[in-house]
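*Asks:* what follows is a predicted structure for the sequence shown.
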Amino acid sequence: MLFNGEDLENWTIFVSNSETDPEDLFWVEEGMITTSGKPHGYIRTNESYSNYKLHVEWKWTEEPTNSGVLINVQGKDMIWPHCIECQLMHEKAGDLVLMGKGAGVTVRDSSYMITSEEKRYSVIPKFEDSSENPVGDWNSYDITTLNGNIEVVVNGVIQHIGSDMTPTEGTILFQSEGSAMQFRNIYLEQL
């Protein structure tokens, strides 16, 4: 279990606005990690992981906007760090977003790679139409990474499969990027 349902032990909160108390951005409420969504920031694991199956459930508690599950996060704490993002933007869950120089993946017959910090983002759309549940209902993400391969499943629907992914190791984080939401049942199976 990455989240024990009681406190944020083993997690670090990063906030974009130094005037905001991190505990006002992320907190535990009724066994769930809750975020206000404002300002931008994230909560990340203190440990680094590779080769795993990650399960996380999320729901929007207000008008849905944007968020993400960022995996294989490397480098210093910053709002959009070097990583692979499994998108949580409303109706875009399952998109992959490459962030930072060196982030890359091959999907179907196309290879994607960020080659400079000046253009440090690339969005690779999900395979299927949105498989998200209605706002206010719980959704599930199952993200599997193994030896540079990735599979992204949203509510039982395979939305992405890729190979040659870089980076292949790092921390895991959940974003605060617009509106209130909750996360629960966060666990990782090492492969």
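*Replies:* That came in fine, so what should we check first?
*Asks:* what bridges to the most centrally placed residue in the chain?
*Replies:* Note on the chain: the residue nearest the mean C-alpha position is V69, at 0.6 Å, using Cα atoms, centre = their mean. When bridges are taken as DSSP bridges, the partners of V69 come out as C86, F174.
*Asks:* residue boundaries of the helices in the protein?
*Replies:* Taking DSSP state H as the test, none of the chain falls into helices.
*Asks:* any idea how far the closest residue to I172 other than its chain neighbours is from D95?
*Replies:* Setting aside the residues directly before and after it, I172 is nearest to T45 in space (Cβ to Cβ, 6 or more residues apart in numbering), at 4.9 Å. To be clear about C-beta, it is placed using only N, CA and C from the backbone, and glycine gets the same treatment. Between T45 and D95 the computed distance is 22 Å (Cβ to Cβ, to the nearest Å).
*Asks:* W11 too?
*Replies:* From W11 across to D95, the span is 25 Å (Cβ to Cβ).
*Asks:* what sits against L25?
*Replies:* 13, 15, 35-36, 39, 41, 176 (Cβ atoms under 8 Å, 6 or more residues apart in numbering).
*Asks:* from those, pick the one nearest N51.
*Replies:* Sorting the contacts of L25 by distance to N51 puts I13 at the head of the list, at 26.3 Å, by Cβ to Cβ.
*Asks:* now E85. Nearest residue, chain neighbours left out?
*Replies:* V97 (3.8 Å).
*Asks:* the one you found contacts V123, doesn't it?
*Replies:* Yes - V97 is within contact range of V123, at 5.3 Å (criterion: Cβ atoms under 8 Å).
*Asks:* any shared contact partners between these two?
*Replies:* Q87.
*Asks:* and those two? which has more neighbours close in?
*Replies:* In this view V97 and V123 are compared by other Cβ atoms under 10 Å, and V97 has more residues nearby, 19 against 14.
*Asks:* okay, the more buried one: pLDDT?
*Replies:* Model confidence at V97, given as pLDDT, is 98.
*Asks:* show me the contacts for I124.
*Replies:* I124 sits in contact with 95-98, 105, 107, 112, 160, 162, where contact means Cβ under 8 Å, 6+ apart.
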